[in-house]
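S.K.: Okay, here's the prediction I keep looking at, along with the sequence it came from:
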Amino acid sequence: MKDNKIRKYDKYGWFVRFACSILRLWTPKPQLIIEGEIPSNSIIIANHAGAAGPIYITLFFPGILVPWSAYQMSGNYKERWNYLYYVFYRQKKKYGKLASLFLATIFGLVSKLLYDGMRVIPTYPDPRFRKTIKLTSEHLDAGNHVLVFPEDSSDGYVEVAEKYMAGFAVSAISHFKRTGYVVPITPVFADRKSKILVIGKSTTIKELLDKNMDRNRIAHFFLDRTAELAIIAQKENLEIT
């Protein structure tokens with residue numbers, strides 16, 4: 001019988017490890033800037049940067065990450081293909097029909113192995129989001145990092161996000177109230193072009209709640225923090241060049 005119990009993970013599934021080993025062959029290792037200690041089980045907030053951000057962070061973040069992703073990508077092939085073609089490639093990436101058709105068909109095939117190997121947590125735009133909160137809590141309980149890309153990408157991706165959705169804050173608040181664990185939230189900015197990965201100092205959800213921040217203000221707080229990390233990356237890139 002397959003063991004579905006969530007536990008502390010020290011490696012990805014075999015297909016993810018294989019894919020990462022291939023990608024690292026032609027992906028230059030970035031300069032890693034870390035502002036502070038990274039807690040063992042925290043929510044990691046990062047910029048999406050199109051398709052590059054999730055891949056880049058997975059390759060080079062110093063730890064195993066369990067990401068959130070659109071629930072369609074945890075469905076069957078047709079559901080994955082429809083999301084990839086109509087939403088990800090056409091709507092968000094602004095690709096043409098032919099390129100979107102090709103990429104959705106290919107990635108729709110391998111995405112099941114990738115997503116299973118990363119133990120992806122599906123996210124929902126409706127009351128089923130309770131499942132996301134539950135799974136996130138279970139991963140935090142087990143000691144895993146949970147990776148969230150909260151950028152509002154409904155009209156496409158930008159280099160520095162202009163709005164963060166508050167789902168990660170809702171999840172952190174729920175976990176804190178349930179367990180008393182203060183839930184560190186760690187901002188990350190990935191700049192693949194400049195080959196820089198900045199990991200910011202963690203802030204706990206309790207610190208923010210003590211300042212009477214609600215979920216939307218918490219989301220905006222981390223939006224600003226990520227923008228600050230982008231400035232650090234830009235400055236470092238200017239010094240290098």
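M.R.: It's in.

S.K.: Every contact and neighbour count from this point should use C-alpha atoms.
M.R.: Fine.

S.K.: check which helix or strand covers Leu103.
M.R.: Under DSSP states H and E, the secondary-structure element containing Leu103 is helix 97-117.

S.K.: In the longest helix anywhere in the chain, which residues are buried?
M.R.: If each helix of the chain is counted by residues according to DSSP state H, the longest one is helix 215-240. Of all the residues in helix 215-240, those buried under the rule 16 or more other C-alpha atoms under 10 Å are 215, 218-220, 222-227, 229-230, 232-233, 237.

S.K.: Distance from that helix to the middle of the chain?
M.R.: Using C-alpha atoms, centre = their mean, to the nearest Å, the distance from the centre of helix 215-240 to the centre of the chain it belongs to is 16 Å.

S.K.: Same check on stretch 125-133?
M.R.: 17 Å.

S.K.: And the helices in the protein?
M.R.: Assignment of helices within the chain using DSSP H yields the ranges 14-23, 52-60, 77-82, 97-117, 129-142, 167-179, 205-210, 215-240.

S.K.: export those to CSV and tack on mean pLDDT?
M.R.: Formatted as CSV, the helices of the chain follow (pLDDT from 0 to 100):
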stretch, mean pLDDT
helix 14-23, 95
helix 52-60, 88
helix 77-82, 97
helix 97-117, 96
helix 129-142, 97
helix 167-179, 97
helix 205-210, 98
helix 215-240, 89
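
S.K.: and of those helices, who's closest to Lys8?
M.R.: Comparison of the helices of the chain against Lys8 by C-alpha to C-alpha identifies helix 129-142 as nearest, at 5.0 Å.

S.K.: okay, the helices of the chain in a markdown table with distance to Gly36 next?
M.R.: Shown next, in a markdown table, are the helices of the chain (distance: least, C-alpha to C-alpha, whole Å):
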| stretch | distance to Gly36 |
| --- | --- |
| helix 14-23 | 26 |
| helix 52-60 | 17 |
| helix 77-82 | 37 |
| helix 97-117 | 29 |
| helix 129-142 | 20 |
| helix 167-179 | 20 |
| helix 205-210 | 16 |
| helix 215-240 | 13 |
